[in-house]
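Novice: Quick one, fold the following:
(one chain, ligands or ions: 1)
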Amino acid sequence: MGMERASLGTRAIRKAQRVSLRFRERVTNVPIRLANRGLPLPPSQLIYLVAGTNDLTWFLNSGAQAASSIRDALSRNGYDINQTGAILDFGCGVGRTLRHWGDLADVNVCGTDYNPDLVWWSRTKLTFADVRLNGLTGRVDWSDQTFGLIYALSVFTHLTEDVGFAWIDELSRVLRPGGLLLITTHGDYYAGGLPATLREAYERGEAVVHLPGREGTNDCATFHPPAYVRAKLTRGLEVVEHVPEGALGNPRQDLWLLRKPG
Ligand SMILES: C[S@@+](CC[C@H](N)C(=O)[O-])C[C@H]1O[C@@H](n2cnc3c(N)ncnc32)[C@H](O)[C@@H]1O
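Specialist: From the prediction side, this is the model:
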């Protein structure tokens, strides 16, 4: 998601663009009223900023699909989203997924992002959620062990290696022991389309970052080999589940469900 704005000129990026378009065609068949929950709709320029499209129907329906995909990943592994404790959407954007948690009873729903415009919109319009601002690096604005579930959809796909490590450590800080972290990555689906030098690095098990100077924006695209995620990115978290291309609502991204020991 969001990669359609990149002008890499590589086959991997063009493939991501085609996937994204096909994906949008599929989800836009769902009637808009099913996915909207009577909540305010973000302005199209903010939708474009996070999604690389200003297609409102896609925004609503893919968000609903992403929320279902999180619920399903939890229940496949014996967890109930109503019972996990407080939830944090890291890199929440304009609440594409967050907006679908308004009916969770007795669950503290929170979001955070480094972009102040997105945070302002989400905080003032999705008032059931506690939405705060963080920096590109650093800390989130909650104390240790606050959350039972944190998810980051299409966020590590736009971060460089060291910043990715630092955020896994920071999100682990605010997870309670036994808490879950769900992240998405660009995995093997894209490997064949990378330019030769990047593909070789990817196949050696290295993370590959396109346009690291644009980190945090959708122009920066990061590709994580699964072996690299297991050996390095998880930083001491346990892998509960890895589903290649399993992050529904985020086209062709791998889903990783991780657990903080204890
Ligand atoms: C492709 S968008 C996805 C937005 C949202 N997760 C979704 O699925 O609709 C990437 C999001 O990550 C946010 N982001 C990027 N770097 C971040 C960082 N260091 N901390 C928090 N948010 C970040 C961006 O501002 C943007 O909202």
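
Novice: next helix or strand past the stretch of helix or strand residue 72 belongs to?
Specialist: Using DSSP states H and E, the element containing residue 72 is helix 56-76. Sequence-wise, the next helix or strand beyond helix 56-76 is strand 87-90, with elements assigned using DSSP H and E.

Novice: hmm, who's touching the next helix-or-strand element following that following strand?
Specialist: Sequence-wise, the next helix or strand downstream of strand 87-90 (DSSP H and E) is strand 109-113. For strand 109-113, contacts defined as C-beta atoms under 8 Å, 6 or more residues apart in numbering pick out 86-93, 95, 98, 101-102, 119, 122, 126, 128-134, 140-142, 147. Where you see a C-beta, it was placed from the backbone N, CA and C, and this is true even at glycine.

Novice: so how far is strand 109-113 off the chain centroid?
Specialist: Here strand 109-113 is found 12 Å from its chain centre; the criterion is C-alpha atoms, centre = their mean, to the nearest Å.

Novice: what's the answer for stretch 131-139, then?
Specialist: 15 Å.

Novice: Same check on stretch 231-248?
Specialist: 13 Å.

Novice: list the buried ones in that stretch?
Specialist: 232, 233, 234, 237, 240, 242, 243, 246, 247, 248 (16 or more other C-beta atoms under 10 Å).

Novice: Look up phi and psi at the second one.
Specialist: Yep, that's residue 233 we're talking about. phi -70, psi -30 (degrees, to the nearest 10).

Novice: who are the neighbours in contact with it?
Specialist: Counted by C-beta under 8 Å, 6+ apart, residue 233 has contacts 156, 164, 165, 168, 207, 224.

Novice: surely the first one meets residue 182?
Specialist: No: counting by C-beta atoms under 8 Å, no contact exists between residue 156 and residue 182, whose distance comes to 11.0 Å.
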